[in-house]
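J.: Provide a 3D model corresponding to the input given below.
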Amino acid sequence: MSEGQRKTKYPATRRLLLKSKLLKKASSMLVSETEQRQTEKQRVVTESFPPLQLSGLSVQELQDLCKELQKKIDLVDDARYDMEVKVVKNETEIQTLRQKVMGLKGVKRPSLKRVKKADDMFGGLSDTSKLMKADFKVNLKTRKKEEEKKEEVTDWRKNVEAMSGMEGRKKLFTSGQ
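T.: Below is the predicted model:
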């Protein structure tokens, strides 16, 4: 069988039913996966940061707690900044390496097909093409020289007097035909 007439294993209704079932299963898996992520996130947050016991603390103890939390925040900010710097450095390194690879590879040039010269094309067609080749310059249009088209320059006053009145209009009418 040819590719255009390839027989499908399943009819269209069965394929549509399977597709809809796959989409339902995928959507349910996506929902369950997002729920798992949320529960994992909550678990990590509760482990990392236990709830604060602020009741029954004096002002001095609250100030010490604030200073301690501020130190932890500074440490986390330093770590975050260091990670951002590393990421930016790695991205620039990756970009330079990609450019080096492209430079080493060079730009791929497509393989060009050999084109025959016009003479070869005319010669290979037929005997009439050989005749056409000979008559090629003959069939070109020739330009008439401007001197042939140039009209004589006459005095415009004589022309105006000759064309005035009904006689001039009659001359124009008869010369136009």
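J.: remind me, longest helix of the protein?
T.: Identified as the longest helix of the chain according to DSSP state H is helix 59-105.
J.: ok, residue 106 to residue 99 distance?
T.: 13 Å (CB to CB, to the nearest Å). Backbone N, C-alpha and C define where each C-beta goes, glycine included.
J.: So between those two, which is more surrounded?
T.: Taking other CB atoms under 10 Å, residue 106 and residue 99 do not tie; residue 99 has more neighbours (10 against 7).
J.: Just the pLDDT for that one.
T.: pLDDT recorded at residue 99 is 90.
J.: Distance check, residue 76 against residue 54.
T.: Distance from residue 76 to residue 54, by CB to CB: 21 Å.
J.: Show me the helices in this protein, by range?
T.: Under DSSP H, the chain gives helices at 12-48, 59-105, 118-125, 127-134, 146-149, 156-163, 165-176.
J.: Quick check: phi and psi at residue 54.
T.: phi -100, psi -20 (degrees, to the nearest 10).
J.: contacting residues for it?
T.: Counting by CB atoms under 8 Å, 6 or more residues apart in numbering, residue 54 touches 62, 65.
J.: how about residue 50, what does it touch?
T.: Counting by CB under 8 Å, 6+ apart, residue 50 has no contacts.
J.: So, low pLDDT: which residues of the protein?
T.: Applying pLDDT under 70 to the chain picks out residues 1-6, 117-177.
J.: if you set the cut-off to 90 instead, what comes out?
T.: Filtered on pLDDT under 90, the chain yields the residue ranges 1-12, 45-58, 65, 101-177.
J.: my guess is residue 65 contacts residue 52, does it?
T.: Yes. With contact defined as CB atoms under 8 Å, residue 65 counts as touching residue 52 (7.5 Å).
J.: Settle it for me: which of these two has more neighbours?
T.: residue 65 (14 against 9).
J.: which ones are touching the more buried one?
T.: With CB under 8 Å, 6+ apart, residue 65 has these contacts: 52, 54, 57.
J.: now with 7 Å?
T.: Neighbouring residues of residue 65 by CB atoms under 7 Å, 6 or more residues apart in numbering: there are none.
J.: For burial, what's the neighbour tally of residue 25?
T.: 10.
J.: how near is it to residue 89?
T.: Using CB to CB, residue 25 is found at 42 Å from residue 89.
J.: Ok, residue 35 next?
T.: 37 Å.
J.: ok, now residue 72?
T.: 26 Å.
J.: With residue 13 instead?
T.: From residue 13 to residue 89 the distance is 56 Å (CB to CB).
J.: can you check residue 9 too?
T.: Taking CB to CB, one finds residue 9 at 52 Å from residue 89.
J.: between the two, which one's more packed in?
T.: residue 89 (10 against 6).
J.: if I pick that one, what's in contact with it?
T.: Contacts of residue 89 (CB under 7 Å, 6+ apart): none.
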